[in-house]
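Visitor: Here is my input; please provide its structure:
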Amino acid sequence: ESGRVMNRSVGLYEPVSYIKLGPYSSLQEGAVRPAFPTKITARFVIGEADGVPDSTRFIQGNGARRPANIKLSDDDIAVLTREFEEIGGDPSILKFNQGGQTGYVDGLDEIRVRGDVLPIEGAFHPRSSMSTRAVLAHELGHRAHRGTSVDIGAWNDEFRASYWAAKNSPGLSQQERVDLLLDAMTRAEEAGVKINMNKFMKKTIYGYE
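Guide: Now for the predicted structure:
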């Protein structure tokens, strides 16, 4: 038995946190593995993004993405669909502008894709700066572990999704693989877990084993 982690609805300048909502079954319909959950408490500010008023924009530093309430355009959807195919994904499982945030839904075997799939340009945190293709690969990493008992949003659930994506997804650039591994390592660091890099990680990030 494991717990489902979802983000709490908050108002202007209220803390952002993630809470357990009770038992989770991998067969539970609608249970979402969010693309980039974080256990770090942060504050957010209200701003405008791409013509969307009062959209939430997280202060850089906690690994947030663009606001989920940005509606993806037909052009965005076409690009994301092509990128998903490039990394070996089946476009039929993509559901655009649905749900509360980008994430894989175990019970429905679908990936919901919203505005938070978009990176924050110039960000230094790997979770904020990684490409849309890397984010989609991360979601395929969740799909590869569908039905397992690890808590949704737990550090090791997120670690293995990014690690799997970096190692197994075709069509990724070297930088995208680096960003995914850095994200995986950051997940562990945030949980206070020390990771000893293996040969694959060293080769990908540093160019040597």
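Visitor: residue ranges with poor pLDDT in this protein?
Guide: The model of the chain has pLDDT under 70 over residues 1-62.
Visitor: If we use 90, what do you get?
Guide: 1-65, 121-125, 149, 152-153, 208-209 (pLDDT under 90).
Visitor: Residue 150 belongs to a helix, doesn't it?
Guide: No. Going by DSSP: H, G, I helix; E, B strand; the rest coil, the assignment for residue 150 is coil, not a helix.
Visitor: So in the protein, which helix runs the longest?
Guide: helix 174-190 (DSSP state H).
Visitor: How many neighbouring residues does the closest residue to residue 162 other than its chain neighbours have?
Guide: Spatial nearest neighbour of residue 162, chain neighbours left out: residue 184 (4.0 Å); criterion: Cβ to Cβ, 6 or more residues apart in numbering. For the C-beta atoms, the positions are set from N, CA and C on the backbone; glycine is no exception. Residues lying near residue 184 (other Cβ atoms under 10 Å) number 26.
Visitor: ditto for residue 147
Guide: So residue 147, with other Cβ under 10 Å, has 10 neighbours.
Visitor: Wait, a strand at it?
Guide: No. With three-state DSSP as the criterion, residue 147 is coil rather than part of a strand.
Visitor: in the protein, which spans are strands?
Guide: 2-7, 18-24, 32-34, 44-49, 52-58, 94-96, 103-105, 110-113 (DSSP state E).
Visitor: Can you tell me the strand partners of the last one and which way each runs?
Guide: For strand 110-113, sheet partners with direction are given as strand 94-96 (parallel), strand 103-105 (antiparallel), following DSSP bridges.
Visitor: Quick check, residue 190 in contact with residue 155.
Guide: Yes. If you go by Cβ atoms under 8 Å, residue 190 and residue 155 touch, sitting 6.6 Å apart.
Visitor: more neighbours, these two?
Guide: Neighbour totals were compared for residue 190 and residue 155, and residue 155 leads with 21 against 15 (other Cβ under 10 Å).
Visitor: Excluding chain neighbours, what is closest to the more buried one?
Guide: Here the residue nearest residue 155, using Cβ to Cβ, 6+ apart, is residue 191, at 3.7 Å.
Visitor: Quick check: the one you found touching residue 153?
Guide: No. Residue 191 is beyond contact range of residue 153, at 11.1 Å (criterion: Cβ under 8 Å).
Visitor: Neighbour count: the two, which is higher?
Guide: residue 153 (23 against 13).
Visitor: measure that one to residue 142 for me?
Guide: 11 Å (Cβ to Cβ, to the nearest Å).
Visitor: Equivalent analysis for residue 79, please.
Guide: Applying Cβ to Cβ, the value for residue 79 to residue 142 is 21 Å.
Visitor: what about the two, which has more around it?
Guide: residue 142 (26 against 14).
Visitor: what sits against that one?
Guide: Residue 142 sits next to 33, 103, 104, 106, 157, 161 when contact means Cβ atoms under 8 Å, 6 or more residues apart in numbering.
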